[in-house]
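Novice: any chance you could fold what I've pasted below:
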Amino acid sequence: MAGSEGSAGVRRSAWWQVPVSRAFERMAALWATPGVGRVALCSPLVGVIGGLGAVAFLLCLQAMYHYVLGGLLHYQMPPTLEGTRHAVSYPWPWWLVLLCPAVGGLISGILVFTWAPEAEGHGTDAMIRAFHRGGGVIRTRVPFIKSIASIITIGTGGSAGQEGPIAQIGSGFGSYLARVLRLHSDERRTLMLAGAAAGVGAIFRAPLGGALFAGEVLYSSTAFESTALLPCLASSIVAYSTFALFITPEPIFSLPPLSFQGLRDLPLYAGLTVVCAAFGWLYVRVFYGMRDRVFNPMPIPRQLKPAVGGLLLGLIALKFPQIMTGGYGWVQWGAIGMPPRLAMPGDGIFEPHMGPALLLALCVLKIVATGFTISSGGSGGVFGPSMLIGGMIGGFYGQLVAGLLPIAHINPAAFVLVGMGGFFAGVSKTPLTSIVMVSEMTGSYSLLVPLMLACGLNMALSRRWTIYEEQVASPIDSPAHQGDFVVDVLDRIRVSEVPVRTEGIDPIPAAMPFKELIQRVARSNQTLFPVLDGDGRLSGIFSLRDVRLALVGSDWGPLVLADDLATRPVLAVTADDSLHTALRRMTELNVDEIPVVSPADPARLIGLLSRRQLTSAYTAMIESLRAPATAPAGREAGPG
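Specialist: Just a heads-up that it's a prediction; the model follows:
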């Protein structure tokens with residue numbers, strides 16, 4: 001009876017042990033796969049940290065708004081859908097309006113230039129530079145310094161946005177995790193992008209926009225880092241979901257009911273795009289002109305320059321406080337109008353509170369204020385200011401057109417939305433990101449067609465300037481992609497197209513004693529030895545290097561079996577894999593041969609693929625690509 005109970009216990013445990021064991025084996029095999037496998041397992045973890053980083057950053061920034069801007073300056077900006085209903089008030093006393101941004105700039109400058117000088121400016125450029133030229137390496141301290149400095153800069157009134165610091169929080173953790181796990185540089189770059197996608201997708205409540213941003217912002221053309229898309233999507237989804245556990249994710253902006261009226265509206269939106277392109281050129285020229293011609297030549301320590309920028313911003317804020325911080329509320333209140341849940345008693349519902357002259361003035365002054373804050377060395381992003389500039393341009397243009405064409409019944413709020421997307425697409429060279437992110441931030445896809453027109457047309461009009469100067473034109477111009485032509489050629493060739501050695505293979509039984517194993521290896525001309533279990537299935541592999549290491553401990557050699565030398569999981573390839581995959585796995589193992597197994601049964605050994613066979617196939621492919629194409633049969637060369 002006891003025996004039967006014991007047997008039942010074994011049977012009961014076996015039904016779950018087998019699938020669990022197979023799942024762990026599958027994860028181990030995936031982890032052993034260079035490239036996508038490891039990144040796929042790490043991306044969700046990067047997403048969790050990115051989402052938590054976004055929560056911490058936003059709560060700290062809101063605390064700064066409450067205690068500094070609200071408490072000291074008595075400054076209550078208009079709320080967005082993130083906030084609650086409250087009256088709008090302007091900052092006072094005047095001397096604090098000057099002092100707060102200057103002190104914030106001073107503290108930020110001391111933090112950044114003392115401990116992490118690469119964190120100055122809008123941190124997205126630092127992430128781009130790390131991808132192209134830094135091997136995906138970001139120093140561990142940079143995200144922390146960047147975050148604290150940005151919270152202080154924005155929270156004291158500096159004209160900067162949130163995407164730069166939050167992108168560095170996520171990308172910094174992705175880079176750190178890749179270094180801890182000793183991943184390949186390509187994997188490190190991809191994890192860094194996944195971290196940036198996580199942070200941006202969470203803090204802007206735009207998971208798809210964040211995933212697209214990380215892959216698109218690297219290039220000044222329409223190129224995209226396609227290999228990072230799936231990891232970025234995974235990390236952004238997890239980050240957004242993590243963020244939602246703590247802060248209810250709502251669209252940032254609220255719009256009245258809007259619709260696209262068809263072909264007659266397209267010329268109006270095309271006109272808005274031209275205006276956005278002109279302001280985009282001005283934005284980039286002022287931004288970098290201030291850095292190169294105003295702040296860099298200043299004969300004062302670098303730590304003090306952000307304080308000078310803050311003081312200059314305060315001078316503008318005495319008359320136009322709307323240029324302080326990111327300013328999303330001013331777009332909602334001044335250019336779009338308040339939704340019912342945020343409107344004050346007596347306010348019109350979705351009636352803009354600013355006229356075209358003020359909106360136009362704020363466009364220009366926000367450009368100057370952003371230059372004062374970030375070009376001086378202050379810390380923060382450019383996405384927030386770009387949204388305000390684009391929204392104000394759209395509001396100005398929409399009100400102007402509505403006044404000139406009253407019979408068209410134009411709602412200026414539609415042009416605010418399109419202006420935000422079109423302007424940022426032009427200055428950042430991220431048209432897909434701009435389309436999706438603006439739609440997600442407003443919770444509306446009703447103006448998708450005008451957004452597509454504005455973002456695509458502005459890309460064509462503004463090819464010669466960008467706010468991200470570390471961008472390169474295309475992957476072929478990036479040091480990160482040097483040698484990719486070799487990879488492309490190897491990716492074209494399948495293992496099944498290359499001769500695989502199936503004869504003369506000397507497999508080693510798993511139970512073979514070490515002394516007998518040494519004799520077998522000495523008689524063989526192989527460098528890699530498959531280890532087969534009692535059923536003749538591949539259970540591991542070992543190389544001559546493993547044997548040499550075992551000989552160092554020859555005193556315990558009699559106790560060693562072949563199975564003890566075997567490396568698991570088996571790093572093998574199938575007939576369907578590319579030669580690029582085979583080469584990378586050979587490099588991982590530091591061997592000149594690699595097992596080829598059946599796609600249907602990874603434990604069934606087919607043969608061994610050698611590096612010499614791989615190189616021969618690559619050379620043959622190169623020669624075929626260089627060979628001139630032959631004329632079709634029956635057609636003679638020459639005029640005809």
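Novice: please make it C-alpha for all contacts and neighbour counts, starting now.
Specialist: Fine.
Novice: where does the chain dip in pLDDT?
Specialist: 1-18, 20-22, 24-36, 483-487, 553-558, 625-640 (pLDDT under 70).
Novice: can you give me the helices in the stretch 501-640 of the chain?
Specialist: Listed in chain order, the helices of the stretch 501-640 of the chain (DSSP state H, counting those that start in this stretch) span 514-523, 544-552, 562-565, 579-589, 611-626.
Novice: those: which one's closest to S220?
Specialist: Closest approach to S220 among the helices of the stretch 501-640 of the chain is made by helix 579-589 (28.3 Å; CA to CA).
Novice: using TSV, please lay out the helices of the stretch 501-640 of the chain together with distance to G377 and mean neighbour count.
Specialist: Conversion of these to TSV gives the following (distance: least, CA to CA, whole Å; neighbours: other CA atoms under 10 Å):
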stretch	distance to G377	mean neighbour count
helix 514-523	64	14
helix 544-552	53	14
helix 562-565	56	20
helix 579-589	42	20
helix 611-626	49	14
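Novice: switch these over to a markdown table; also include distance to I300.
Specialist: Formatted as a markdown table, the helices of the stretch 501-640 of the chain follow (distance: least, CA to CA, whole Å):
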| stretch | distance to I300 |
| --- | --- |
| helix 514-523 | 71 |
| helix 544-552 | 59 |
| helix 562-565 | 64 |
| helix 579-589 | 51 |
| helix 611-626 | 57 |
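Novice: R464 is nearest to which of those helices?
Specialist: So among those, helix 611-626 is nearest, using CA to CA, at 34.4 Å.
Novice: what angle separates the closest one from helix 579-589?
Specialist: Angular relation of helix 611-626 and helix 579-589 on a 0 to 180 degree scale: 150 degrees, by axes from the mean of the first three to the mean of the last three CA atoms, to 10 degrees.
Novice: just the CA coordinates for helix 611-626, please, in CSV.
Specialist: Taking Å, rounded to 0.1, in the frame of the first residue of the first chain, the C-alpha atoms of helix 611-626 are listed here in CSV:
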residue,chain,number,x,y,z
ARG,A,611,34.0,28.1,-39.6
ARG,A,612,35.9,27.1,-42.8
GLN,A,613,32.7,26.1,-44.5
LEU,A,614,31.0,29.2,-43.3
THR,A,615,33.8,31.4,-44.7
SER,A,616,33.7,29.6,-48.0
ALA,A,617,30.0,30.2,-48.4
TYR,A,618,30.4,33.9,-47.5
THR,A,619,33.2,34.2,-50.1
ALA,A,620,31.1,32.5,-52.8
MET,A,621,28.2,34.8,-52.1
ILE,A,622,30.4,38.0,-52.3
GLU,A,623,31.8,36.8,-55.6
SER,A,624,28.3,36.2,-57.0
LEU,A,625,27.2,39.7,-55.9
ARG,A,626,30.2,41.3,-57.6
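Novice: in what helix or strand does the residue positioned nearest the centre of the chain lie?
Specialist: The centre of the chain sits closest to A214, judged by CA atoms, centre = their mean, with a distance of 2.7 Å. Using DSSP states H and E, A214 maps to helix 207-216.
Novice: before we move on, the earlier item: out of the helices of the stretch 501-640 of the chain, which gets nearest to G164?
Specialist: Short answer: helix 579-589, nearest of the helices of the stretch 501-640 of the chain by CA to CA, at 33.9 Å.
Novice: now do the contacts for the residue nearest to the centre of the chain.
Specialist: Going by CA atoms under 8 Å, 6 or more residues apart in numbering, A214 touches L193, A194, A196, A197, C232.
Novice: and A600, how many neighbours?
Specialist: 8 (other CA atoms under 10 Å).
Novice: next one: it from A575, what distance?
Specialist: From A600 across to A575, the span is 10 Å (CA to CA, to the nearest Å).
Novice: check T190 too.
Specialist: Taken as CA to CA, the span from T190 to A575 is 27 Å.
Novice: all helices in the stretch 251-400 of the chain, in order from the N-terminus.
Specialist: Under DSSP H, counting those that start in this stretch, the stretch 251-400 of the chain gives helices at 266-290, 305-317, 328-330, 356-370, 383-404.
Novice: could I get these as JSON lines with mean neighbour count?
Specialist: Shown next, in JSON lines, are those (neighbours: other CA atoms under 10 Å):
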{"stretch": "helix 266-290", "mean neighbour count": "20"}
{"stretch": "helix 305-317", "mean neighbour count": "25"}
{"stretch": "helix 328-330", "mean neighbour count": "23"}
{"stretch": "helix 356-370", "mean neighbour count": "21"}
{"stretch": "helix 383-404", "mean neighbour count": "25"}
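Novice: which one of those helices lies nearest to A40?
Specialist: Of all the helices of the stretch 251-400 of the chain, it is helix 383-404 that lies closest to A40, at 28.4 Å by CA to CA.
Novice: the helix or strand following the closest one packs against which elements?
Specialist: For helix 383-404, the following helix or strand on the C-terminal side (DSSP H and E) is helix 412-428. Counting contacts by 3 or more CA pairs under 8 Å, 6 or more residues apart in numbering; DSSP states H and E, helix 412-428 packs against helix 266-290, helix 383-404, helix 431-442, helix 448-461.
Novice: contacting residues around E225?
Specialist: By CA under 8 Å, 6+ apart, the residues touching E225 are G215, E216, L218, P475.
Novice: same question, V274
Specialist: Counting by CA under 8 Å, 6+ apart, V274 makes contact with N458, L461.
Novice: so how far is P356 from it?
Specialist: On the measure of CA to CA, V274 and P356 end up 17 Å apart.
Novice: likewise A160?
Specialist: On the measure of CA to CA, A160 and P356 end up 24 Å apart.
Novice: ok, L583 next?
Specialist: According to CA to CA, L583 and P356 sit 62 Å apart.
Novice: swap in D577?
Specialist: 61 Å.
Novice: who touches L358 in this structure?
Specialist: L358 neighbours (CA under 8 Å, 6+ apart): none.
Novice: repeat that for L218.
Specialist: Shown in contact with L218 (CA under 8 Å, 6+ apart): I128, F224, E225, E470, Q471, V472.
Novice: again, only using 6 Å
Specialist: For L218, the contacting residues are I128, Q471, by CA atoms under 6 Å, 6 or more residues apart in numbering.
Novice: also G422?
Specialist: By CA under 6 Å, 6+ apart, the neighbours of G422 are A454, C455.
Novice: same thing with E351?
Specialist: E351 sits next to G337 when contact means CA under 6 Å, 6+ apart.
Novice: swap the cut-off to 7 Å and go again
Specialist: Contacts for E351 (CA atoms under 7 Å, 6 or more residues apart in numbering) come out as I336, G337, M338.
Novice: ok, back up a step: from the contacts of A214, which is closest to M420?
Specialist: Within these, proximity to M420 (CA to CA) peaks at A197, which comes in at 20.2 Å.
Novice: I'd say that closest one and G209 touch.
Specialist: No. The criterion here is CA atoms under 7 Å, and A197 misses it with G209 at 8.3 Å.
Novice: M338 reaches W330, doesn't it?
Specialist: No. In this structure M338 lies outside contact range of W330 using CA under 7 Å: 10.1 Å.
Novice: kindly report the domain assignment for the protein.
Specialist: Using automatic domain parsing, the domain parsing of the chain gives 30-246, 263-474, 490-622.
Novice: most packed of those domains?
Specialist: domain 30-246 (a mean of 24; mean count of other CA atoms under 10 Å).
Novice: and Y219, backbone torsions?
Specialist: Reported as degrees, to the nearest 10, the phi and psi values for Y219 are phi -130, psi 150.
Novice: ok, now which ones touch it?
Specialist: Q471, V472, A473, S474.
Novice: what is the nearest of those to V137?
Specialist: Closest approach to V137 among those (CA to CA): Q471, at 16.9 Å.
Novice: distance check, the closest one against F423.
Specialist: For Q471, the distance to F423 - CA to CA - is 18 Å.
Novice: give me the three-state assignment for G134.
Specialist: Here G134 is recorded as coil under DSSP: H, G, I helix; E, B strand; the rest coil.
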